[in-house]
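Trainee: could you look at this predicted model? Sequence included:
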Amino acid sequence: MVHMVPRAQIGTLLLALFSAVAPLDAQAPARPDSATKLPAVNVTANRGASATLTAPIAVNTITAPTLRATSGFGLDEALKNVPGVLAQSRYGTSDVRILIRGFGARGAGDRSNAGTSRGIRVLIDGMPETEPDGRTSFDFVDLATAEAIEVVRSNASSVYGNASGGIVHLLTAPSVSAPNVEIQPVFGSFGMARYVARVAAPLGNGTAFASYTNTTFEGWRAHSDARRVVLNAGVTGTVGDRTRLGIYASGVNNLSHLPGPLTQAQADANPRQANATYATRDERRYNRIVRLGATVEHQLDDQTSFSSTVFASPKYLQRSERGTIRDFTRYHIGGNLIGRTSMMLSPTVTSRLTAGVDEAYQDGAILFYSLTAAGTRGTTLSDNKGEGANNFGAFVQEELRFNDRFSVQAGARYDKIAYYYKSFLPTPPVPSDARTYSRVTPKLGFSWSIDANKAFYANLGGGIEVPAGNETDPTPGAPPALLNALLDPIRSTTYEVGFKSVDAGNQRSAGRFALAYDVALYNTEVTNEIVPYNGGRYYMTAAKARRSGAELGLGATSSSGVFGDIALTLSKNTYKSYVVDSTFLGRPGFSANYSDNDIVGIPSAFANVSLGTEIPGSRGIRVKGEMEYVGTYHADDANVVEIPSYAIFNLTAELRRPIVAANGWGLRGFVSIRNVTDKKYIGSAFLNPDRVNNVPAVFEPGTPRAIVVSVSAGRLR
């Protein structure tokens, strides 16, 4: 059943909020927009604690005020204003298709790709959500728990290794000077109900914090309902004069049903229907995960420090897919140790050396059961195997700074990624199998600070990505094996130049015009591009590819309170060399040459443009209109199936600065309407899809008009 928030209630709520805040906030001074794309802070996701402006990489930061004005269920809401990043919600839930400069494109489709991504490394408080084989699930990724998100758009393999075509780093620890508590209910179309509670308080020289998020969603497509509960807690603070400690604990219970892809005719006739096969099998993901972690930073002296992170994450995962029920029992453990030292080589030259090692290991058993007609687990055990993966890496990075205006970075990383598979069947054809990939990834970059707010940078870096676990299934007709022996690691080389500027901050606080911009050009050459065959039933590293692009991020605020943002990406993505022979086409003597075709899944243009105003005399109230545009792209390597472009429009009215009473309690909230015109469009796609009667089932229709309303109450920051 679909629930809509009554329009009369929305109008009454907006009127009450705006009427209440106007007299209280009329004399409040303007303050910087904390969602500025390039704030002058350190970026921890680069592992060098570099200033955002002077780091020779493309980097963006999204802060808490921006995150609080979203429904918070999917990561797409936070990343849409970041150039070079395409984040598409597949069903309106936490299942998001994410691309950063084309990395991650293949992680959308059938065969265990639902609910996971590829090629992009996701971290939470420095601990990897990305598993050793490069897959990332979004179970713990809830915007309500995040205080900030750092996005590194440059290839970060030289410091993070496997599947680091980009970095998305969520930080959950707040910094508070007084106790605060916030209750935030969020209600939306199609049965969305989210209940969020956040508390934080000073504890000695640190902070204790916790959050609880409970989300239910009936879904706008048949068989797309979901529910998720996330608990997150931690303590951070200093111990003595030179040590900072953080302890984190999280748990999640996440169930989502998958409606699957539609043919073009089905999407045109009824985009709300589910794929019949998916609905019959009751295809779903049910994940229960706990994570415990700790971080320590110790300053040995004024020049030398080290930091370390350790974590452990037991997992119990259940899947209904490909006509089977699969039970996964896994544990994911790991940690890192990083040292940093600096010294003056001369009065004008400073050296900063960073070196570190990290390791992550995941192992566990998978039981394959038959599927009953009702979509439940049967009694027949068809397979029983173990899947283990280990990711070890060591890196070193040297930075030389000259007169605080010019810096040069050089470094390299060694990675060794290993798979260990074992069959527990009574008489398996192959009892065990193993595969190891290794590579040294270099990095070179420089940054020139033109003045305190503008910098030019360039970098050259390498990349590595190994096939993910579900991509290692042996090819049909090959000798018996547990791992595909024909897969090689993806190797990439990226050239990048950029120019970026941050707002000086005092311009906004003084009510003057402020401008921040971010321009980047990149070219990435890829060898051993992994491509799926037969709907993803097996994979091959069969192609050389090139991805080139230009990115523009622009944010401006006028003295009158009018503001605007632009995130624009233009790119060309082609296979340089890609020939498929008869072995994989099932047609003797026939081959297919896909050289010069567009790379699957990557649009050549996408943009997000917004324009809004802060209500004069009451700077806490903001009204914003937004356009999201995604250009056409192909869903198959043959470039036969095309996904049409779309543009949708969104509106948001927000009370960003809370109304605060004399006793310290306050109120804030927002109303958002997505896809105002109720446009029908294709929001995402299965890549290299299955064909039914020679018709591709590829299209995932986009969300119709949806309304979200939220009011937060408590002792607010």
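Mentor: Everything's here; your move.
Trainee: low-confidence ranges, this protein, go.
Mentor: 1-50, 108-115, 476-477, 503-511, 532-538, 581-589, 617-619 (pLDDT under 70).
Trainee: residue nearest the centroid of it?
Mentor: The centroid of the chain falls nearest to residue 168 when counting by C-alpha atoms, centre = their mean (5.2 Å).
Trainee: beta partners of residue 414?
Mentor: Taking DSSP bridges as the rule, residue 414 bridges to residue 394, residue 440.
Trainee: what's the neighbour count on residue 474?
Mentor: 18 (other C-beta atoms under 10 Å). (C-beta placed from N, C-alpha, C; glycine too.)
Trainee: so who does it touch?
Mentor: Residues counted as contacts of residue 474 (C-beta atoms under 8 Å, 6 or more residues apart in numbering) are 480-485, 538.
Trainee: derive a ChimeraX selection command for the buried subset of the residues you listed.
Mentor: Restricted to buried positions by 16 or more other C-beta atoms under 10 Å, the ChimeraX selection for the contacts of residue 474 reads:
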select :481,482,483,484,538
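Trainee: dump the contacts of residue 474 into TSV; add secondary structure as well.
Mentor: Listed next are these as TSV, based on DSSP: H, G, I helix; E, B strand; the rest coil:
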residue	secondary structure
480	coil
481	coil
482	coil
483	coil
484	coil
485	coil
538	strand
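Trainee: please enumerate the helices of the stretch 501-650 of the chain.
Mentor: Under the criterion DSSP state H, counting those that start in this stretch, the stretch 501-650 of the chain carries helices at the ranges 506-509, 582-585.
Trainee: residue 123 is in contact with the residue nearest to the centre of the chain, correct?
Mentor: Yes: contact criterion C-beta atoms under 8 Å: residue 168 and residue 123 qualify, at 7.3 Å.
Trainee: and for the two, which residues touch both?
Mentor: Counting by C-beta under 8 Å, 6+ apart, nothing touches both residue 168 and residue 123.
Trainee: distance check, the residue nearest to the centre of the chain against residue 576.
Mentor: To residue 576, residue 168 is 28 Å away according to C-beta to C-beta, to the nearest Å.
Trainee: go on, residue 241?
Mentor: Relative to residue 576, and taking C-beta to C-beta, residue 241 is found at 56 Å.
Trainee: look at these two and report which has more neighbours.
Mentor: residue 576 (14 against 7).
Trainee: how many neighbouring residues does the nearest residue to the more buried one once chain neighbours are set aside have?
Mentor: Distances taken as C-beta to C-beta, 6 or more residues apart in numbering place residue 544 nearest to residue 576, at 4.4 Å, with adjacent residues excluded. Neighbourhood size, residue 544 [other C-beta under 10 Å]: 16.
Trainee: one more: the one 10 residues further on?
Mentor: Counted with other C-beta under 10 Å, the burial measure for residue 554 works out to 18 neighbours.
Trainee: show me what contacts the closest residue to it other than its chain neighbours?
Mentor: Nearest non-adjacent residue to residue 554, counting by C-beta to C-beta, 6+ apart: residue 566, 4.3 Å away. Residue 566 makes contact with 552-555, 607-609, according to C-beta under 8 Å, 6+ apart.
Trainee: what's the most distant pair in the residues you listed?
Mentor: Of all pairs drawn from these, the greatest distance, 14.1 Å, lies between 555 and 607 (C-beta to C-beta).
Trainee: more neighbours: those two, which one.
Mentor: Neighbour totals were compared for residue 555 and residue 607, and residue 555 leads with 24 against 18 (other C-beta under 10 Å).
Trainee: so what's the residue nearest to residue 554 bridging to?
Mentor: residue 554, residue 609.
Trainee: ok, it to residue 610 distance?
Mentor: 8 Å.
Trainee: now swap in residue 481 and tell me
Mentor: Separation of residue 481 from residue 610 (C-beta to C-beta) stands at 51 Å.
Trainee: how far does the host helix or strand of residue 408 sit from the chain's center?
Mentor: Residue 408 is located in strand 406-423, with elements delineated by DSSP states H and E. Distance of strand 406-423 from its chain centroid, counting by C-alpha atoms, centre = their mean, to the nearest Å, is 21 Å.
Trainee: same question for stretch 323-341.
Mentor: Centre-to-centre, stretch 323-341 and its host chain are 17 Å apart (C-alpha atoms, centre = their mean).
Trainee: pull out the buried residues from that stretch.
Mentor: Within stretch 323-341, the residues scored as buried using 16+ other C-beta under 10 Å are 324-327, 330, 332, 334-340.
Trainee: wait, which of those is closest to residue 68?
Mentor: Nearest to residue 68 among the buried residues of stretch 323-341 is residue 332, at 29.9 Å by C-beta to C-beta.
Trainee: who touches that closest one in this structure?
Mentor: Going by C-beta under 8 Å, 6+ apart, residue 332 touches 131-132, 311-315, 360-362.
Trainee: turn the residues you listed into JSON lines, including distance to residue 160 and neighbour count.
Mentor: Formatted as JSON lines, the contacts of residue 332 follow (distance: C-beta to C-beta, whole Å; neighbours: other C-beta atoms under 10 Å):
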{"residue": "131", "distance to residue 160": "13", "neighbour count": "23"}
{"residue": "132", "distance to residue 160": "12", "neighbour count": "27"}
{"residue": "311", "distance to residue 160": "15", "neighbour count": "22"}
{"residue": "312", "distance to residue 160": "20", "neighbour count": "15"}
{"residue": "313", "distance to residue 160": "18", "neighbour count": "22"}
{"residue": "314", "distance to residue 160": "24", "neighbour count": "15"}
{"residue": "315", "distance to residue 160": "21", "neighbour count": "20"}
{"residue": "360", "distance to residue 160": "11", "neighbour count": "25"}
{"residue": "361", "distance to residue 160": "16", "neighbour count": "17"}
{"residue": "362", "distance to residue 160": "16", "neighbour count": "21"}
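Trainee: between which two of the residues you listed is the distance greatest?
Mentor: Largest separation among the contacts of residue 332 by C-beta to C-beta: 132 and 314, giving 15.4 Å.
Trainee: who does the residue lying closest to residue 529 once chain neighbours are set aside bridge with?
Mentor: Nearest residue to residue 529 in three dimensions, chain neighbours excluded: residue 543, at 4.0 Å (C-beta to C-beta, 6+ apart). Under the criterion DSSP bridges, residue 543 forms beta bridges with residue 529, residue 578.
Trainee: residue 543: neighbour count?
Mentor: With other C-beta under 10 Å as criterion, residue 543 counts 23.
Trainee: thought residue 573 was touching it, still the case?
Mentor: No: with contacts counted by C-beta under 8 Å, residue 543 stays clear of residue 573, the gap being 11.7 Å.
Trainee: list the contacts of residue 392.
Mentor: 357-359, 415-417.
Trainee: coming back round to it: let me have the contacts of residue 474 in a markdown table, adding distance to residue 620 as columns.
Mentor: Shown next, in a markdown table, are the contacts of residue 474 (distance: C-beta to C-beta, whole Å):
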| residue | distance to residue 620 |
| --- | --- |
| 480 | 67 |
| 481 | 62 |
| 482 | 59 |
| 483 | 57 |
| 484 | 57 |
| 485 | 61 |
| 538 | 56 |
